[in-house]
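> Predicted model and sequence below, questions to follow.
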Amino acid sequence: MSEGGAERRESGRAAIELPIEYERLNALLADYTLNISRGGTFIHTERPLGVGTRLSFTIRAPSLEEPIVLRGAVRWVVEPDRADADHPAGMGIAFVFDSPEQRDSVAERLDRLMVRALGPAAFEKLMGKPAPAKNETP
C-alpha cells in the first residue's frame, strides 16, 4: 500500500516477523516487522509515527551475528482506529542510505536473512534472482 493506494515497490517483499527497536520521544520502543524488502519494511505498531518522520531502528534476529542498524522515513501509516485484519496498525518505512555502498551492503545482509527465513526456493520466486550462498552469514 502507498499514498493513493497504488503499489510502488521496486523489489520483492517477504512476510517475515522480526523484532525491531526504535526511539520515540526519548523512549525505546520494541515492535516487530510484518514484512521486509531491500527498500523498506512495515513496522507493526499501535503507536505509528507521522508520515515524513525519520527514524533509526535496529533489526534483531537469532540468525544475525550482529543486529542490522538502519535509518528510514515513514512513507505511510495505518492508524489503529482504521486497522483491520488485512491492514494492521503500523507504518511503512522506506530505508535511507548514506551511499550506494551502504545500500548494497544492507541489501546483501537482508537477502541472506530472507533466505534463512524463507528458504532458497521461496526467496528466488519472490525476489526473481538466485539465493545467496548458504555459507554467508547475515
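Good, I have the coordinates. Numbers count the residues shown, from 1 in each chain.

> most residues in a single helix of the protein, which one?
helix 100-118 (DSSP state H).

> Show me what that helix is packed up against.
Packing contacts for helix 100-118, counted by 3 or more C-beta pairs under 8 Å, 6 or more residues apart in numbering; DSSP states H and E, involve strand 27-36, strand 68-78, helix 120-127. For the C-beta atoms, the positions are set from N, CA and C on the backbone; glycine is no exception.

> buried sites along the first one?
For strand 27-36, burial by neighbour count (16 or more other C-beta atoms under 10 Å) applies to 29, 31, 32, 33, 34, 35, 36.

> gap between the most centrally placed residue in the chain and residue 109?
Using C-alpha atoms, centre = their mean, the residue of the chain that lies closest to the mean C-alpha position is residue 41, 2.5 Å off. Distance, residue 41 to residue 109, using C-beta to C-beta, to the nearest Å: 13 Å.

> what residue ranges in this protein score low on pLDDT?
Along the chain, segments meeting pLDDT under 70 span 1-14, 134-138.

> Please repeat the previous calculation with a cut-off of 90.
Applying pLDDT under 90 to the chain flags residues 1-19, 22-30, 32-39, 59-68, 86, 106-138.

> Now do the buried residues in stretch 96-106.
For stretch 96-106, a neighbour-count test (16+ other C-beta under 10 Å) marks 97, 106 as buried.

> Show residues contacting it.
With contact meaning C-beta atoms under 8 Å, 6 or more residues apart in numbering, stretch 96-106 is reached by 38, 54, 68, 70, 71, 72, 73, 95.

> Can you name the residues in contact with stretch 69-83?
Against stretch 69-83 from outside (C-beta under 8 Å, 6+ apart): 1-3, 40-41, 46, 48-59, 87-97, 106.

> Kindly provide the distance from residue 125 to residue 24.
Taken as C-beta to C-beta, the span from residue 125 to residue 24 is 36 Å.
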